[in-house]
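1. Model the following, please.
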Amino acid sequence: MSLMKKFIAYAKQNRQRIVLPEGTEERTLKAADRILADEVADLILLGNKTEIFDIAGLWGLENIQKATIIDPADNPKKDFYTNMLFELRKSKGMTFEEAQQKVLDPLYLGCLIIKNSEADGQLAGARNTTSNVLRPALQIIKTAPGISLVSGAFIMITNTPQYGNNGVILLADCAVNPLPDAEQLAHIAISSAATAGKLLHFEEPRVAMLSFSTRGSARHEVVDKVRTATEIARELDPSLKIDGELQADAAIIPSVSTSKAPGSVIEGKANVLIFPNLETGNISYKLIQRLAGVRAIGPILQGIDRPINDLSRGCSIDDIYNMVAITANQAIAAKEQL
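-> Residues are numbered from 1 along each chain as shown. Below is the predicted model:
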(Lines give C-alpha, C1' and ligand atoms only; values in the text may rest on other atoms or scores of the structure.)
Protein backbone atom coordinates (compact mmCIF):
# COMPACT_ATOMS: atom_id res chain seq x y z
CA MET A 1 0.00 0.00 0.00
CA SER A 2 1.37 3.42 -0.98
CA LEU A 3 2.03 6.06 1.66
CA MET A 4 -0.87 8.22 0.47
CA LYS A 5 -3.23 5.26 0.57
CA LYS A 6 -2.09 4.59 4.13
CA PHE A 7 -2.89 8.18 5.08
CA ILE A 8 -6.36 7.87 3.55
CA ALA A 9 -7.05 4.50 5.20
CA TYR A 10 -5.95 5.78 8.61
CA ALA A 11 -8.09 8.89 8.23
CA LYS A 12 -11.12 6.70 7.43
CA GLN A 13 -10.53 4.62 10.55
CA ASN A 14 -10.26 7.70 12.77
CA ARG A 15 -12.56 10.29 11.23
CA GLN A 16 -11.62 13.87 12.08
CA ARG A 17 -13.54 17.13 11.68
CA ILE A 18 -11.80 19.29 9.09
CA VAL A 19 -12.80 22.87 8.25
CA LEU A 20 -12.75 24.02 4.62
CA PRO A 21 -13.16 27.83 4.76
CA GLU A 22 -13.28 28.23 0.97
CA GLY A 23 -16.66 26.53 0.80
CA THR A 24 -17.76 27.99 -2.53
CA GLU A 25 -14.49 27.41 -4.42
CA GLU A 26 -14.96 24.91 -7.27
CA ARG A 27 -12.02 22.54 -6.68
CA THR A 28 -12.62 22.61 -2.93
CA LEU A 29 -16.28 21.63 -3.30
CA LYS A 30 -15.48 18.87 -5.80
CA ALA A 31 -12.81 17.46 -3.49
CA ALA A 32 -15.21 17.77 -0.54
CA ASP A 33 -17.80 15.75 -2.42
CA ARG A 34 -15.28 12.91 -2.85
CA ILE A 35 -14.07 13.16 0.75
CA LEU A 36 -17.65 12.86 2.01
CA ALA A 37 -18.48 10.02 -0.38
CA ASP A 38 -15.37 8.09 0.71
CA GLU A 39 -15.89 8.96 4.41
CA VAL A 40 -12.30 10.17 4.76
CA ALA A 41 -13.27 13.02 7.12
CA ASP A 42 -16.24 14.89 8.52
CA LEU A 43 -16.23 18.29 6.82
CA ILE A 44 -17.29 21.75 7.94
CA LEU A 45 -17.80 23.99 4.91
CA LEU A 46 -17.86 27.75 5.47
CA GLY A 47 -19.92 29.89 3.13
CA ASN A 48 -23.44 30.84 2.15
CA LYS A 49 -25.52 27.67 2.34
CA THR A 50 -27.75 28.52 -0.62
CA GLU A 51 -24.76 29.36 -2.79
CA ILE A 52 -22.98 26.14 -1.81
CA PHE A 53 -25.99 23.96 -2.64
CA ASP A 54 -26.66 25.84 -5.89
CA ILE A 55 -23.06 25.29 -7.01
CA ALA A 56 -23.14 21.64 -5.89
CA GLY A 57 -26.32 21.12 -7.93
CA LEU A 58 -24.77 22.78 -10.96
CA TRP A 59 -21.78 20.42 -10.83
CA GLY A 60 -23.77 17.33 -9.92
CA LEU A 61 -22.19 16.91 -6.49
CA GLU A 62 -24.37 14.50 -4.53
CA ASN A 63 -22.66 14.32 -1.13
CA ILE A 64 -22.31 17.94 -0.04
CA GLN A 65 -25.42 17.66 2.15
CA LYS A 66 -23.39 15.34 4.41
CA ALA A 67 -21.18 18.27 5.42
CA THR A 68 -21.87 20.74 8.20
CA ILE A 69 -22.31 24.12 6.53
CA ILE A 70 -21.83 27.34 8.48
CA ASP A 71 -22.49 30.75 6.96
CA PRO A 72 -20.22 33.27 8.73
CA ALA A 73 -22.76 36.03 8.04
CA ASP A 74 -25.67 34.05 9.48
CA ASN A 75 -23.99 32.08 12.25
CA PRO A 76 -26.01 31.48 15.46
CA LYS A 77 -22.71 31.52 17.39
CA LYS A 78 -21.45 34.76 15.84
CA ASP A 79 -21.65 36.68 19.14
CA PHE A 80 -19.91 33.85 21.00
CA TYR A 81 -17.01 33.82 18.56
CA THR A 82 -16.82 37.62 18.50
CA ASN A 83 -16.36 37.65 22.27
CA MET A 84 -13.89 34.79 22.07
CA LEU A 85 -11.75 36.56 19.48
CA PHE A 86 -11.91 39.87 21.35
CA GLU A 87 -10.70 38.23 24.57
CA LEU A 88 -7.88 36.49 22.70
CA ARG A 89 -6.67 39.62 20.90
CA LYS A 90 -7.60 42.65 23.01
CA SER A 91 -4.15 42.72 24.60
CA LYS A 92 -2.76 43.13 21.07
CA GLY A 93 -4.99 46.10 20.39
CA MET A 94 -7.98 44.48 18.66
CA THR A 95 -11.21 46.36 19.31
CA PHE A 96 -14.59 44.69 19.76
CA GLU A 97 -15.73 46.19 16.44
CA GLU A 98 -12.72 44.68 14.69
CA ALA A 99 -13.51 41.30 16.24
CA GLN A 100 -17.07 41.57 14.90
CA GLN A 101 -15.68 42.02 11.39
CA LYS A 102 -13.03 39.30 11.68
CA VAL A 103 -15.54 36.57 12.59
CA LEU A 104 -17.16 37.15 9.20
CA ASP A 105 -13.88 36.07 7.58
CA PRO A 106 -14.04 32.28 7.02
CA LEU A 107 -10.30 31.90 7.72
CA TYR A 108 -10.71 33.51 11.16
CA LEU A 109 -13.95 31.68 11.89
CA GLY A 110 -12.40 28.31 11.03
CA CYS A 111 -9.54 28.88 13.47
CA LEU A 112 -11.98 29.94 16.19
CA ILE A 113 -14.01 26.76 15.62
CA ILE A 114 -10.82 24.74 16.06
CA LYS A 115 -9.75 26.76 19.11
CA ASN A 116 -13.13 25.96 20.66
CA SER A 117 -12.54 22.21 20.02
CA GLU A 118 -15.42 21.97 17.55
CA ALA A 119 -13.08 20.87 14.75
CA ASP A 120 -9.68 19.19 14.50
CA GLY A 121 -7.95 20.94 11.59
CA GLN A 122 -8.29 23.34 8.69
CA LEU A 123 -7.24 23.40 5.04
CA ALA A 124 -7.32 26.50 2.82
CA GLY A 125 -5.29 28.28 0.17
CA ALA A 126 -7.02 27.40 -3.11
CA ARG A 127 -8.27 30.99 -3.14
CA ASN A 128 -6.11 32.65 -0.45
CA THR A 129 -2.43 33.47 -0.07
CA THR A 130 -0.22 31.71 2.46
CA SER A 131 -0.05 34.88 4.57
CA ASN A 132 -3.86 35.08 4.69
CA VAL A 133 -4.06 31.43 5.80
CA LEU A 134 -1.33 31.77 8.42
CA ARG A 135 -2.31 35.12 9.97
CA PRO A 136 -5.46 33.95 11.82
CA ALA A 137 -3.82 30.64 12.73
CA LEU A 138 -0.93 32.43 14.45
CA GLN A 139 -3.23 34.95 16.14
CA ILE A 140 -5.76 32.42 17.41
CA ILE A 141 -4.17 28.97 17.62
CA LYS A 142 -0.51 30.06 17.92
CA THR A 143 2.63 27.95 17.67
CA ALA A 144 3.10 24.64 19.46
CA PRO A 145 4.77 24.67 22.90
CA GLY A 146 8.52 25.10 22.61
CA ILE A 147 8.39 26.09 18.92
CA SER A 148 8.96 29.68 17.86
CA LEU A 149 7.87 29.65 14.22
CA VAL A 150 5.85 27.89 11.52
CA SER A 151 7.58 26.13 8.64
CA GLY A 152 6.54 24.18 5.57
CA ALA A 153 7.64 20.64 4.76
CA PHE A 154 7.22 18.46 1.70
CA ILE A 155 7.01 14.68 1.71
CA MET A 156 9.01 13.39 -1.25
CA ILE A 157 8.04 9.88 -2.35
CA THR A 158 10.89 8.64 -4.55
CA ASN A 159 11.50 5.49 -6.56
CA THR A 160 14.85 4.95 -4.85
CA PRO A 161 14.32 2.90 -1.67
CA GLN A 162 18.01 3.11 -0.76
CA TYR A 163 17.51 6.76 0.19
CA GLY A 164 15.65 8.21 3.16
CA ASN A 165 13.11 5.94 4.79
CA ASN A 166 12.51 3.33 2.08
CA GLY A 167 12.50 6.09 -0.52
CA VAL A 168 10.53 8.64 1.50
CA ILE A 169 12.31 11.87 2.52
CA LEU A 170 10.99 14.96 4.30
CA LEU A 171 12.28 18.35 3.09
CA ALA A 172 11.99 21.68 4.96
CA ASP A 173 11.59 24.63 4.97
CA CYS A 174 10.25 24.84 1.43
CA ALA A 175 7.34 27.20 1.92
CA VAL A 176 7.42 29.81 4.69
CA ASN A 177 10.64 31.37 6.03
CA PRO A 178 12.85 33.18 3.47
CA LEU A 179 15.98 33.68 5.62
CA PRO A 180 15.82 31.82 8.93
CA ASP A 181 18.54 32.62 11.44
CA ALA A 182 20.38 29.87 13.34
CA GLU A 183 17.82 29.58 16.13
CA GLN A 184 14.91 29.53 13.68
CA LEU A 185 16.67 26.90 11.60
CA ALA A 186 17.07 24.77 14.73
CA HIS A 187 13.33 25.01 15.41
CA ILE A 188 12.59 24.05 11.79
CA ALA A 189 14.76 20.96 12.28
CA ILE A 190 12.97 19.98 15.49
CA SER A 191 9.51 20.52 13.96
CA SER A 192 10.49 18.50 10.90
CA ALA A 193 11.80 15.61 13.00
CA ALA A 194 8.47 15.64 14.87
CA THR A 195 6.56 15.55 11.56
CA ALA A 196 8.70 12.62 10.39
CA GLY A 197 8.08 10.69 13.58
CA LYS A 198 4.43 11.49 14.30
CA LEU A 199 2.97 11.85 10.81
CA LEU A 200 5.23 9.62 8.70
CA HIS A 201 5.88 7.15 11.53
CA PHE A 202 9.62 7.05 10.92
CA GLU A 203 11.01 4.93 13.73
CA GLU A 204 14.13 7.08 13.78
CA PRO A 205 14.11 10.54 12.18
CA ARG A 206 17.66 11.31 11.01
CA VAL A 207 18.12 15.01 10.33
CA ALA A 208 20.74 16.50 8.03
CA MET A 209 21.40 20.25 8.15
CA LEU A 210 22.40 20.96 4.56
CA SER A 211 25.02 23.36 3.25
CA PHE A 212 27.61 23.66 0.47
CA SER A 213 30.17 22.64 3.10
CA THR A 214 30.78 19.43 5.04
CA ARG A 215 32.53 19.60 8.39
CA GLY A 216 34.32 22.86 7.62
CA SER A 217 35.31 22.09 4.02
CA ALA A 218 34.31 25.68 3.19
CA ARG A 219 34.24 28.84 5.26
CA HIS A 220 31.43 31.36 5.10
CA GLU A 221 28.96 33.00 7.45
CA VAL A 222 26.09 30.96 5.98
CA VAL A 223 28.03 27.79 6.82
CA ASP A 224 28.54 29.08 10.36
CA LYS A 225 24.77 29.62 10.62
CA VAL A 226 24.01 25.99 9.75
CA ARG A 227 26.66 24.72 12.15
CA THR A 228 25.29 26.90 14.96
CA ALA A 229 21.73 25.81 14.20
CA THR A 230 22.79 22.18 14.54
CA GLU A 231 24.31 22.89 17.96
CA ILE A 232 21.16 24.72 19.11
CA ALA A 233 18.93 21.85 17.94
CA ARG A 234 21.06 19.36 19.89
CA GLU A 235 20.73 21.51 23.01
CA LEU A 236 16.96 21.80 22.59
CA ASP A 237 16.53 18.06 21.98
CA PRO A 238 19.54 15.95 23.02
CA SER A 239 17.79 12.78 21.82
CA LEU A 240 17.58 14.06 18.24
CA LYS A 241 19.77 12.34 15.64
CA ILE A 242 21.08 15.35 13.75
CA ASP A 243 24.27 16.35 11.99
CA GLY A 244 25.51 19.40 10.12
CA GLU A 245 26.78 21.13 8.30
CA LEU A 246 26.61 18.51 5.53
CA GLN A 247 26.58 18.55 1.76
CA ALA A 248 23.66 16.67 0.26
CA ASP A 249 25.68 13.64 -0.85
CA ALA A 250 27.25 13.26 2.60
CA ALA A 251 23.74 13.39 4.07
CA ILE A 252 22.16 10.59 2.04
CA ILE A 253 24.97 8.32 0.76
CA PRO A 254 26.71 6.21 3.43
CA SER A 255 29.96 5.77 1.47
CA VAL A 256 30.27 9.53 0.92
CA SER A 257 29.47 10.13 4.58
CA THR A 258 32.28 7.79 5.60
CA SER A 259 34.69 9.78 3.47
CA LYS A 260 33.50 13.33 4.13
CA ALA A 261 31.95 13.07 7.60
CA PRO A 262 33.44 10.06 9.41
CA GLY A 263 31.65 9.29 12.65
CA SER A 264 28.48 11.13 11.62
CA VAL A 265 25.58 10.16 13.86
CA ILE A 266 23.29 9.83 10.84
CA GLU A 267 25.85 7.81 8.82
CA GLY A 268 24.74 9.13 5.43
CA LYS A 269 21.20 7.85 6.00
CA ALA A 270 19.29 11.10 6.47
CA ASN A 271 15.52 10.93 6.02
CA VAL A 272 14.90 14.59 6.96
CA LEU A 273 16.74 17.30 5.00
CA ILE A 274 16.82 20.87 6.31
CA PHE A 275 17.76 23.62 3.86
CA PRO A 276 19.61 26.77 4.95
CA ASN A 277 16.95 29.07 3.48
CA LEU A 278 13.66 29.09 1.60
CA GLU A 279 15.33 29.77 -1.74
CA THR A 280 17.31 26.52 -1.69
CA GLY A 281 14.44 24.51 -0.24
CA ASN A 282 11.78 25.64 -2.68
CA ILE A 283 14.02 25.32 -5.74
CA SER A 284 15.27 21.89 -4.68
CA TYR A 285 11.90 20.27 -4.06
CA LYS A 286 10.57 21.52 -7.40
CA LEU A 287 13.63 20.32 -9.31
CA ILE A 288 13.48 16.90 -7.63
CA GLN A 289 9.75 16.69 -8.34
CA ARG A 290 10.02 17.59 -12.02
CA LEU A 291 13.36 16.16 -13.13
CA ALA A 292 13.22 12.91 -11.18
CA GLY A 293 9.48 12.30 -11.41
CA VAL A 294 9.19 12.28 -7.63
CA ARG A 295 5.82 12.73 -5.98
CA ALA A 296 5.79 15.80 -3.70
CA ILE A 297 3.07 16.10 -1.06
CA GLY A 298 2.66 19.40 0.72
CA PRO A 299 3.36 21.95 1.90
CA ILE A 300 2.57 20.53 5.31
CA LEU A 301 2.62 23.36 7.82
CA GLN A 302 4.39 22.43 11.04
CA GLY A 303 4.87 24.22 14.31
CA ILE A 304 1.22 25.34 14.74
CA ASP A 305 -0.48 23.99 17.85
CA ARG A 306 -3.33 22.47 15.79
CA PRO A 307 -3.25 21.27 12.15
CA ILE A 308 -3.67 24.18 9.73
CA ASN A 309 -2.54 23.55 6.16
CA ASP A 310 -2.05 25.75 3.15
CA LEU A 311 -2.75 24.84 -0.47
CA SER A 312 -1.16 26.24 -3.59
CA ARG A 313 -3.61 28.40 -5.51
CA GLY A 314 -2.76 26.18 -8.48
CA CYS A 315 -3.80 23.03 -6.59
CA SER A 316 -5.83 20.22 -8.15
CA ILE A 317 -8.87 18.42 -6.77
CA ASP A 318 -6.59 15.47 -5.95
CA ASP A 319 -4.23 17.78 -4.07
CA ILE A 320 -7.07 19.00 -1.87
CA TYR A 321 -8.37 15.46 -1.30
CA ASN A 322 -4.91 14.26 -0.26
CA MET A 323 -4.23 17.26 1.97
CA VAL A 324 -7.52 16.75 3.81
CA ALA A 325 -6.34 13.20 4.56
CA ILE A 326 -2.95 14.47 5.73
CA THR A 327 -4.53 17.18 7.89
CA ALA A 328 -6.68 14.46 9.46
CA ASN A 329 -3.59 12.34 10.09
CA GLN A 330 -1.87 15.30 11.76
CA ALA A 331 -4.90 15.74 14.01
CA ILE A 332 -4.89 12.05 14.92
CA ALA A 333 -1.17 12.19 15.71
CA ALA A 334 -1.65 15.29 17.88
CA LYS A 335 -4.36 13.56 19.91
CA GLU A 336 -2.17 10.49 20.37
CA GLN A 337 0.45 12.70 22.04
CA LEU A 338 -1.99 13.98 24.68
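2. need the contact list for the closest residue to Ala218 other than its chain neighbours.
-> For Ala218, ignoring the flanking residues on the chain, the nearest one in space by CB to CB, 6 or more residues apart in numbering is Phe212 at 6.0 Å. C-betas here are computed from N, CA, C, even on glycine. Taking CB atoms under 8 Å, 6 or more residues apart in numbering as the criterion, Phe212 is in contact with 218, 223, 247.
3. now the helices: where do they sit in the chain?
-> Under the criterion DSSP state H, helices of the chain are mapped to 3-13, 26-38, 49-58, 78-89, 96-102, 106-115, 130-136, 182-198, 221-236, 248-252, 254-260, 278-291, 317-336.
4. picking up where we left off before, PyMOL command to pick out the buried ones of the contacts of Phe212?
-> Of these, the buried ones go into a single PyMOL selection, burial set by 16 or more other CB atoms under 10 Å:
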select buried, resi 223+247
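5. of the contacts of Phe212, closest to Lys260?
-> Using CB to CB, Gln247 is the member of the contacts of Phe212 that sits closest to Lys260, with 6.9 Å.
6. Got phi/psi on that closest one?
-> Main-chain dihedrals, Gln247, degrees, to the nearest 10: phi -70, psi 160.
7. Count the neighbours of the residue lying closest to it once chain neighbours are set aside for me.
-> Distances taken as CB to CB, 6+ apart place Thr214 nearest to Gln247, at 4.6 Å, with adjacent residues excluded. When neighbours are defined as other CB atoms under 10 Å, Thr214 has 24 of them.
8. ok, now Leu104?
-> Around Leu104 sit 15 other residues, with neighbours defined as other CB under 10 Å.
9. Contacts only, for the residue nearest to Gln247.
-> Thr214 makes contact with 245-247, 250, 260-261, according to CB under 8 Å, 6+ apart.
10. Any chance of JSON lines for those, columns distance to Asn14?
-> Converted to JSON lines, the contacts of Thr214 look like this (distance: CB to CB, whole Å):
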{"residue": "Glu245", "distance to Asn14": "39"}
{"residue": "Leu246", "distance to Asn14": "37"}
{"residue": "Gln247", "distance to Asn14": "40"}
{"residue": "Ala250", "distance to Asn14": "39"}
{"residue": "Lys260", "distance to Asn14": "43"}
{"residue": "Ala261", "distance to Asn14": "40"}
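11. Just put these in a markdown table and tack on pLDDT.
-> Formatted as a markdown table, the contacts of Thr214 follow (pLDDT from 0 to 100):
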| residue | pLDDT |
| --- | --- |
| Glu245 | 91 |
| Leu246 | 96 |
| Gln247 | 95 |
| Ala250 | 96 |
| Lys260 | 95 |
| Ala261 | 92 |
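12. what's the most distant pair in these?
-> Of all the pairs that these form, the one spanning the most space (CB to CB) is Glu245 and Lys260, at 11.0 Å.
13. So between the two, which is more surrounded?
-> Neighbour count, other CB under 10 Å: between Glu245 and Lys260, Glu245 has more, with 28 against 18.
14. Would you map out the domains in this structure?
-> In the domain annotation for the chain, the residue ranges read 3-142+304-336, 151-295 (automatic domain parsing).
15. For the last one, measure first residue to last.
-> The one in question is domain 151-295. Using CA to CA, to the nearest Å, the span of domain 151-295 from its first residue to its last is 20 Å.
16. Can you give the distance from the helix or strand of the chain with the lowest mean pLDDT to the centre of its chain?
-> Of all regular secondary-structure elements in the chain, judged by mean pLDDT, DSSP states H and E, the least confident is strand 295-302 with a mean of 90. If you compare the mean C-alpha spot of strand 295-302 with that of the full chain, they lie 6 Å apart, counting by CA atoms, centre = their mean, to the nearest Å.
17. other SSEs contacting that strand?
-> Applying 3 or more CB pairs under 8 Å, 6 or more residues apart in numbering; DSSP states H and E, we find strand 295-302 packed against strand 151-157, helix 182-198, helix 278-291, strand 308-310, helix 317-336.
18. Just the residues contacting that strand, thanks.
-> Residues outside strand 295-302 that contact it (CB under 8 Å, 6+ apart): 4, 134, 137, 150-157, 172, 174-176, 191-192, 194-195, 199, 285-286, 288-289, 307-310, 322-323, 326, 330.
19. Specify the angle between it and helix 278-291 in degrees.
-> Put simply, strand 295-302 runs at 150 degrees to helix 278-291, going by axes from the mean of the first three to the mean of the last three CA atoms, to 10 degrees.
20. quick one, strand 295-302 and helix 3-13 angle?
-> Interaxial angle of strand 295-302 relative to helix 3-13 (the same axes, to 10 degrees): 50 degrees.
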